[in-house]
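**Student:** coordinates only, sequence not included:
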Ligand code: SAJ
């Protein structure tokens, strides 16, 4: 099947790269967004998302005329929905954007069209929510139009490459829909394309991110134990991982980003009585910033009230500029709540600020005169810091490493009292 004209709804982290990649492969693409700011930026040739290579790709797509930007959908051969699905305060999926996008497609839906949902959703959203809305057009999913769910699986920072190279799962409401979905993504996907049903495809995505969340929670819990027992979790994990079927992940200040800490809730919502482990893992990871803050207090001899603390890194993980749900920010907030005088610096997100903390422009400004320094995010630039130079600027000698990014012996040689998350004091 040939889908020449594609309408992509939602021009965020997934929708914009997907729309531009389709356009770069020769499809005629209409990129739709309801956010004025996004539309204005794109129409001016600007890109509102930081992602390596994206700006060039979008500008080329716009320049070629293959990508047009619009505030509402128009008739097309295929519609791809890539809108956000946040969780509410009560940890329930907020599907307002999916519903809105689906409704906006209804007037344009024609027999033979394909609709694909990419947004991460609770199981059965495609069948239970999307299908009835689209069928308000008078057409039936399956006999009249194709309908499928296909999760995105790309890693922020590597989106453009992974979009093309990763394998993809497509779950149709029937076999013909799955095959239509496969034909659409074949335009650019070089990885394997595997076909299944819609609800399985939804589950697959949630299982992937839940697997990750539960395993990070295990690493965090083991780090707390190691701390208590005088063991070095980093060394212990490395040794355990020599086992061919074991792969313990890295502990840290918690889980951030817009996926891993959110998606497991969609499974809990589907059956709270069956998901004790998943909920428990969420609890462990959500409590990790608090654990990190207590570790920092301990490093400062029992309290941080009135102490000058240099906080390095604010993003949700290393080498990205993304601040969404960042545990590093949460740790800074907890230190402020305990009366610390926090200064922050993030080389990847220089504009990032935490209310109540002093945002610094340079590393030197952050360190000068502080009593202690905390590594919150293992950005390459931060782990390569020379402890001798840090010692020259810092007043105190407290150093806390929440990521095991620093070389212990060189920091101790430079005179620091180094505390590392997951390394029991007795192991020093
Ligand atoms: N983290 C740890 N320890 C680890 C690994 C990660 O504490 O060993 C923390 C990170 O610091 C970060 C959070 O977990 O705060 C999540 O980071 P991540 O790199 O695991 O995941 P994301 O959110 O950047 O991207 C993920 C990817 N999923 C998987 O790796 C299974 C990506 O493939 C998905 O497409 C994306 O979520 C998504 O959209 O769901």
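**Tutor:** Perfect, thanks for sending it. Worth saying up front: this structure is predicted, and the values here are computed from it rather than measured.
**Student:** For residue 153, see how far away the spatially most central residue of the chain is.
**Tutor:** Closest to where the C-alpha atoms of the chain average out (CA atoms, centre = their mean) is residue 257, at 3.4 Å. Applying CB to CB, to the nearest Å, one obtains 14 Å for the distance of residue 257 from residue 153. The way it works is simple: take the backbone N, C-alpha and C, and place the C-beta from them, glycine included.
**Student:** From residue 9, how far out is the residue of the chain most remote from its centre?
**Tutor:** Ranking residues of the chain by C-alpha distance from their mean position (CA atoms, centre = their mean) puts residue 138 at the top, at 37.5 Å. From residue 138 across to residue 9, the span is 21 Å (CB to CB).
**Student:** Skip ahead from the helix or strand where residue 183 lies and say which helix or strand is next.
**Tutor:** Assessed by DSSP states H and E, residue 183 sits inside helix 175-185. On the C-terminal side of helix 175-185, the closest following helix or strand by DSSP H and E is strand 193-197.
**Student:** Who are the packing partners of the next helix or strand after that next one?
**Tutor:** Downstream of strand 193-197, the first helix or strand assigned by DSSP H and E is helix 198-229. With contacts defined as 3 or more CB pairs under 8 Å, 6 or more residues apart in numbering; DSSP states H and E, helix 198-229 has these neighbours: strand 146-149, strand 168-172, helix 233-240, helix 263-270, helix 276-286, helix 288-299.
**Student:** Assess the claim that residue 264 and residue 208 are in contact.
**Tutor:** No. Between residue 264 and residue 208 there is no contact under CB atoms under 8 Å: 10.7 Å.
**Student:** Who has more neighbours out of the two?
**Tutor:** residue 264 (29 against 17; other CB atoms under 10 Å).
**Student:** Tell me which other helices or strands the helix or strand where residue 160 lies touches.
**Tutor:** Residue 160 is located in helix 159-165, with elements delineated by DSSP H and E. Helices and strands touching helix 159-165, as assessed by 3+ CB pairs under 8 Å, 6+ apart, comprise helix 15-24, helix 54-64.
**Student:** The last one vs helix 15-24, what angle?
**Tutor:** Interaxial angle, helix 54-64 versus helix 15-24 (axes from the mean of the first three to the mean of the last three CA atoms, to 10 degrees): 50 degrees.
**Student:** which of the residues in helix 54-64 are buried?
**Tutor:** Across helix 54-64, burial judged by 16 or more other CB atoms under 10 Å covers 54, 57-59, 61-62.
**Student:** Can you lay out the residues you listed as CSV showing pLDDT?
**Tutor:** Formatted as CSV, the buried residues of helix 54-64 follow (pLDDT from 0 to 100):
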residue, pLDDT
54, 96
57, 97
58, 97
59, 96
61, 97
62, 96
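**Student:** out of these, who's nearest residue 226?
**Tutor:** residue 54 (39.6 Å; CB to CB).
**Student:** what's the distance between the closest one and residue 285?
**Tutor:** Distance from residue 54 to residue 285, by CB to CB: 29 Å.
**Student:** pLDDT averaged over stretch 157-168, what's the number?
**Tutor:** Computed over stretch 157-168, the mean pLDDT rounds to 96.
**Student:** List the neighbours of that stretch that are in contact with it.
**Tutor:** The contact list for stretch 157-168, computed with CB atoms under 8 Å, 6 or more residues apart in numbering, reads 13-14, 17-18, 21, 51-54, 57, 150, 152-155, 185, 188-194, 319-320.
**Student:** Could you do stretch 109-118 as well?
**Tutor:** In contact with stretch 109-118 (CB under 8 Å, 6+ apart) are residues 1, 3, 14-15, 18, 75-82, 98, 105, 125-126, 130, 134, 137, 139, 144-152, 170, 177, 180-181, 184.
**Student:** Can you show me the strands along the stretch 1-150 of the chain?
**Tutor:** 5-9, 28-32, 67-70, 78-81, 114-117, 146-149 (DSSP state E, counting those that start in this stretch).
**Student:** okay but residue 180 is in contact with residue 142, surely?
**Tutor:** No. With contact defined as CB under 8 Å, residue 180 does not count as touching residue 142 (10.9 Å).
**Student:** Which of these two has more residues huddled nearby?
**Tutor:** For residue 180 versus residue 142, neighbours defined as other CB under 10 Å are more numerous around residue 180 (25 against 15).
**Student:** what sits against the closest residue in space to that one that isn't next to it in sequence?
**Tutor:** Distance criterion CB to CB, 6 or more residues apart in numbering; nearest residue to residue 180, sequence neighbours excluded, is residue 146 at 3.9 Å. Counting by CB under 8 Å, 6+ apart, residue 146 touches 112-115, 172-173, 176-177, 180-181.
**Student:** swap in residue 316?
**Tutor:** Residue 316 is in contact with 256-257, 322-328, counting by CB under 8 Å, 6+ apart.
**Student:** State the distance from it to the ligand.
**Tutor:** 4 Å (CB to the nearest ligand atom, to the nearest Å).
**Student:** my hunch is that that residue is in a strand, does that hold up?
**Tutor:** No. The assignment for residue 316, made by DSSP: H, G, I helix; E, B strand; the rest coil, is coil rather than a strand.
**Student:** Quick check: chain neighbours aside, which residue is closest to it?
**Tutor:** residue 256 (3.0 Å).
**Student:** near the ligand, which residues of this structure show up?
**Tutor:** Residues of the chain lying near the ligand by CB under 6 Å from any ligand atom: 152-156, 208-209, 212, 216, 249-250, 252, 255-257, 259-260, 316-317, 327.
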